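>>> Please find the sequence and the predicted model below.
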Number of protein chains: 2
Amino acid sequence: MSQTSLSEFSLIERFFARRASRHPHGAELGIGDDCALLAPRAGQTLAISTDMLVEGRHFFADVDPHALGHKTLAVNLSDLAAMGAKPRAFTLAFALPDAREAWLAAFSDGLFELAERFDCALIGGDTTRGPLNLCVTVFGDVPPETALRRDAARPGDDIWVSGALGDARAGLGVARGEWTVSGADAARDAAAFRHALERPEPRIALGLALRGVARAALDISDGLAGDLLHILERSRVNASVDAGAVPRSAALSRLPGDVQRRCTLSGGDDYELCFTAAAENRAAIAAIGEQVNVPVTRIGTISALKAPADQPAIAWHDSAGAPLFLTLQGFDHFHAD
Amino acid sequence: MSQTSLSEFSLIERFFARRASRHPHGAELGIGDDCALLAPRAGQTLAISTDMLVEGRHFFADVDPHALGHKTLAVNLSDLAAMGAKPRAFTLAFALPDAREAWLAAFSDGLFELAERFDCALIGGDTTRGPLNLCVTVFGDVPPETALRRDAARPGDDIWVSGALGDARAGLGVARGEWTVSGADAARDAAAFRHALERPEPRIALGLALRGVARAALDISDGLAGDLLHILERSRVNASVDAGAVPRSAALSRLPGDVQRRCTLSGGDDYELCFTAAAENRAAIAAIGEQVNVPVTRIGTISALKAPADQPAIAWHDSAGAPLFLTLQGFDHFHAD
């Protein structure tokens, strides 16, 4: 909270500091000092993640500010979910081109509605004038021995994903005019895609329930193909994945097959969890999915590298087991999507 | 570390992740997973601060990237110093218009040289393409009972500042052409001002030594007048300050009197500490200043509000005790400076 005063301070006070103080239990000392103070909790380690969202890159300039407030925090909470961490607090730094009151009111509403659902307190921040930029750092508690790390996958593990993949990418494609929805359900499909793009749901309850049951996990922000590879590289293993088993919504199933594949396998912004678990935990994972009301789908298997120095890779196949030779690439912020 | 892959990932790997791994002791799990894991330390609370730096607002477009790397972390470490916290780790999120290798090499050198001096580990981050924006969140340890909070000043306390104030603002004025340096020492003075603006020194050792000795503290980022007011408002007290006692460098003393006053009292970017302490601690504070090799100067006194509902205020006077009626305003990022 340094570098704040006067009109900037009243802006923060009005839209952020007041609501921040509704959650004093999250921190010993919140907004208004040089630092926030966050007391450790017995048996817990602090999980920390930071994400920066930029106009034109992560959202359109005319995005609904309420949805943007939601998404700004949601993508960070999703990182906690992927670690099996319980949300606790966050900081928000942002640059705004000007002090737009109506925009800030809607943005802060979207942000705090999600924060309050997950009991996650705003404990600090910074504001400045500049091209629109939103940077959240989020803090959660996790017992260190049950954290869902990317380096924990083992040969023989099943590979699972939560929810359905590709709807957010389908929504981006509609907005960009890459493809169109048609048929009797066109309006409903378009709305579903847009909702997926603008209001991702962080899978917190699933992440918490998977502690001690799953091995490796991450959230799919850049597309399944690229993100699963991060698990493989960190765990030094290979994967075999049934591309046909990757779950997709009814809406996405109405788009052409090549669009479905592109969206489910390399689309970004899904914020579903991809995780691995021992085969003996299949029933437990299915039960967890029912308990937290999130579909979980088994899509493949982890295997050992053929030689220790091999580059980890994904072998894709169709539902009949025939190999697929796909050229897929994760979303890369220094290349065009 | 979500939303990273391929070329972006190799960029991070080359300039940041490798050097981050030199400090594995700072965290149980650093860069490369969904979250970093930071284990609590016995008897310590985590002090957390976040600052965002924007081109054209906090630095010039043509700034030396090595100096910018230094300053990006320094302003955050300064917040830890102001809390009496010992640096431990930080995250870095940044937006870059393009992947400029030479720029990143110099920036990361400046950043890590400071990080290594204070044993502060990079544990996570995010990179994206966009208008240049740098957001650091920093973590430090402090025993909660000795944290230097803004709300701890008491009537009768002395008011102290570290170092000399105003050189950074003098450097900004020279760069902007608001004033010029002249005389035999002109080149040396200009270099000193520029150094103050570009390479602020976080007063970590002083902040640590002041634990249990000082009461309230903050770092002066927006000018003494505006920042001291934050202590007064949070502590519900008044202050009386001798404007002539506010320490300034020999270089600043060679500028006109009105420029000296403007720079020392309302200039930003000093990153010196302003703190209060009981009068019986004067000798202890002088000894601490010598021990950590940072000048400390007593500039005024805290007093009680005349009525409980009063707005806290600073009464300025000259060194002879005559009242000064100054119109001073702290730096405000939603107004021109």
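Sure, I can see it. This is a predicted model, so every value here is computed, not measured.
>>> domain ranges for chain A?
If you go by automatic domain parsing, the domain ranges for chain A are A:3-146, A:150-324.
>>> Quick check: mean pLDDT of stretch A:204-214?
For stretch A:204-214, the mean per-residue pLDDT is 98.
>>> just checking, what's the longest helix in chain A?
helix A:65-83 (DSSP state H).
>>> That one and chain B, any residue contact?
Yes - judged by CB under 8 Å from any CB of the partner chain, helix A:65-83 and chain B are in contact via A:Val75, A:Ser78, A:Asp79, A:Leu80, A:Ala82, A:Met83. All C-beta atoms are positioned from the backbone trio N, CA, C, and that covers glycine.
>>> cool, stretch A:181-197 as well?
No - figure legend: stretch A:181-197 not in contact with chain B (CB under 8 Å from any CB); closest approach 14.8 Å.
>>> how far is that stretch from where the chain is centred?
Chain-centre distance of stretch A:181-197: 21 Å, with CA atoms, centre = their mean, to the nearest Å.
>>> Next: stretch A:212-232.
Counting by CA atoms, centre = their mean, stretch A:212-232 comes out at 11 Å from the chain centroid.
>>> and the stretch 101-250 of chain A, which of its residues are near chain B?
Within the stretch 101-250 of chain A, the residues that sit near chain B (CB under 8 Å from any CB) are A:123-131, A:133, A:135, A:137, A:139-140, A:142, A:144, A:147, A:149-151, A:217-219, A:221-222, A:226, A:229-230, A:234.
>>> Show the buried residues in those.
For these, a burial check counting by 16 or more other CB atoms under 10 Å in any protein chain shown picks out A:123-131, A:133, A:135, A:137, A:139-140, A:142, A:147, A:149-151, A:217-219, A:221-222, A:226, A:229-230, A:234.
>>> if we can go back for a sec, ranking the domains of chain A by burial, who's on top?
Of all these, domain A:3-146 has the most neighbours on average by mean count of other CB atoms under 10 Å in any protein chain shown, namely a mean of 22.
>>> still on that earlier bit, where among the domains of chain A is the average confidence lowest?
Among those, domain A:3-146 scores lowest, at a mean of 86.
>>> burial of A:Phe325, as a residue count?
Neighbourhood size, A:Phe325 [other CB atoms under 10 Å in any protein chain shown]: 6.
>>> tell me the contacts of it?
By CB atoms under 8 Å, 6 or more residues apart in numbering or on different chains, the residues touching A:Phe325 are A:Trp316.
>>> what sits against the residue in the stretch 101-250 of chain A positioned nearest to chain B?
Closest to chain B within the stretch 101-250 of chain A is A:Gly130: 3.5 Å, counting by CB to the nearest CB. A:Gly130 makes contact with A:Ala95, A:Leu96, A:Pro97, B:Val54, B:Glu55, B:Gly56, B:Arg57, B:Pro131, B:Asn133 under the criterion CB under 8 Å, 6+ apart.
>>> and of the residues you listed, the nearest to A:Arg211?
Proximity of the contacts of A:Gly130 to A:Arg211 (CB to CB) peaks at B:Asn133, which lies at 34.9 Å.
>>> In this model B:Phe94 seems to touch the closest one, though I could be wrong.
Yes - contact criterion CB atoms under 8 Å: B:Asn133 and B:Phe94 qualify, at 6.3 Å.
>>> How much space separates A:Gly130 from B:Gly223?
20 Å (CB to CB, to the nearest Å).
>>> Which secondary structure element is home to A:Ala164?
Assessed by DSSP states H and E, A:Ala164 sits outside every helix and strand.
>>> Quick check: closest non-adjacent residue to the spatially most central residue of chain A.
Closest residue to the average C-alpha location of chain A: A:Tyr271 at 3.3 Å, with CA atoms, centre = their mean. Spatial nearest neighbour of A:Tyr271, excluding adjacent residues (CB to CB, 6 or more residues apart in numbering or on different chains): A:Pro200 at 3.9 Å.
>>> Return the residues in contact with that neighbour.
By CB under 8 Å, 6+ apart, A:Pro200 lies in contact with A:Lys71, A:Ala74, A:Val75, A:Ser78, A:Ala168, A:Asp269, A:Asp270, A:Tyr271.
>>> Confirm for me that A:Ile288 is in contact with A:Leu206.
Yes - when contacts are counted by CB under 8 Å, A:Ile288 is listed as touching A:Leu206 (7.0 Å).
>>> Overlap of the contact sets of those two?
Common neighbours of A:Ile288 and A:Leu206 (CB under 8 Å, 6+ apart) are A:Val296.
>>> In terms of helix, strand or coil, where does the residue of chain A found nearest chain B fall?
Chain B sits closest to A:Pro40 of chain A, with a gap of 2.8 Å, by CB to the nearest CB. State at A:Pro40, reduced to three classes by DSSP: H, G, I helix; E, B strand; the rest coil: coil.
>>> Surely it is in contact with A:Pro144?
No - using CB under 8 Å, A:Pro40 is not in contact with A:Pro144, being 11.9 Å away.
>>> returning to what we had before: chain neighbours aside, what residue packs nearest to the residue of chain A closest to chain B?
Nearest one to A:Pro40, counting by CB to CB, 6+ apart, is B:Pro40 at 2.8 Å.
>>> do A:Asp126 as well
Nearest to A:Asp126 is A:Ala93, by CB to CB, 6+ apart, at 4.2 Å.
>>> Now do the helix or strand that neighbour falls within and strand B:86-96, the angle between them.
Assigned by DSSP H and E, A:Ala93 falls within strand A:86-96. With axes from the mean of the first three to the mean of the last three CA atoms, to 10 degrees applied, the angle from strand A:86-96 to strand B:86-96 works out at 50 degrees.
>>> Which parts of chain A are helices?
Per DSSP H, chain A carries helices over the ranges A:6-12, A:18-20, A:65-83, A:101-117, A:167-176, A:186-198, A:204-209, A:224-235, A:250-253, A:257-266, A:282-292.
>>> out of those, nearest to B:Val292?
Short answer: helix A:6-12, nearest of the helices of chain A by CB to CB, at 31.3 Å.
>>> beta partners for the residue lying closest to A:Cys35 once chain neighbours are set aside?
Excluding the flanking residues, the one nearest A:Cys35 by CB to CB, 6+ apart is B:Ala47, at 3.9 Å. Using DSSP bridges, the beta-bridge partners of B:Ala47 come out as A:Leu37, B:Gly140.
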